[in-house]
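Asker: model this:
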Amino acid sequence: MAQLMEDEVFMAFTTYAAIVTVKMMLMGPLTAYYRITRGAFSNEEDVGRKSAEEKKKLLKTHPDVERVRRCHQNDLENIVPFVVVGLLYALTGPDLSTALLHFRIFVGSRILHTIAYVCILPQPSRGLSYITGLLVTFSMAHRVLSTVLFF
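Answerer: Take a look at the predicted model:
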């Protein structure tokens, strides 16, 4: 394990995996912020001390809250595979510069995707950032499979 922690590719992977994981974790508090500021709650207990009339007003969806929730869902669908495939990729012994290119492009694409989603930038900004991150993960998966394919 100590030897693995000295590997530059593995250290780079852990750095970039931590960055996108923290970014994904911050989407939860961002959703809460939007719920509070837009007065849109989804659970009865969140408005438990309010009158019945106030509850009806607050137990609703709001487009801004739903947008942030969809962005968070998209993070879950893309960052988790990146972490799994990226770990396997790092263990295949890729060239450091190639690995850094993969990791940096993925992290940049996810940050741009979040900005495009939450700030409602015009398409194709969100779509391109999504596809870019997906292609990076597929590229790393190709390396893993071509290196260790076993039948």
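Asker: any idea of the mean pLDDT for the host helix or strand of S139?
Answerer: Element membership for S139, per DSSP states H and E: helix 125-148. In this model, helix 125-148 has a mean pLDDT of 97.
Asker: what comes into contact with that helix?
Answerer: Identification of contacts with helix 125-148 by CB atoms under 8 Å, 6 or more residues apart in numbering yields 74, 78, 81-82, 85-86, 88-89, 92, 94, 102, 105-106, 109-110, 112-113, 116-117. To be clear about C-beta, it is placed using only N, CA and C from the backbone, and glycine gets the same treatment.
Asker: With just CA atoms, put that helix into CSV.
Answerer: Taking C-alpha atoms only, helix 125-148 is exported to CSV below (Å, rounded to 0.1, in the frame of the first residue of the first chain):
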residue,chain,number,x,y,z
SER,A,125,-22.5,23.7,-23.4
ARG,A,126,-24.0,21.2,-21.0
GLY,A,127,-24.2,18.5,-23.6
LEU,A,128,-20.6,18.9,-24.7
SER,A,129,-19.3,18.9,-21.2
TYR,A,130,-21.3,15.7,-20.4
ILE,A,131,-20.1,13.9,-23.6
THR,A,132,-16.5,15.0,-22.9
GLY,A,133,-16.5,13.5,-19.4
LEU,A,134,-18.2,10.3,-20.7
LEU,A,135,-15.6,9.9,-23.5
VAL,A,136,-12.8,10.2,-20.9
THR,A,137,-14.3,7.5,-18.8
PHE,A,138,-14.7,5.3,-21.9
SER,A,139,-11.1,6.0,-22.9
MET,A,140,-9.8,4.8,-19.5
ALA,A,141,-12.1,1.8,-19.6
HIS,A,142,-10.7,0.9,-23.0
ARG,A,143,-7.2,1.0,-21.6
VAL,A,144,-8.2,-1.1,-18.6
LEU,A,145,-9.9,-3.7,-20.8
SER,A,146,-7.1,-3.8,-23.5
THR,A,147,-4.5,-4.2,-20.7
VAL,A,148,-6.1,-6.9,-18.6
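Asker: Many thanks, we can stop here.
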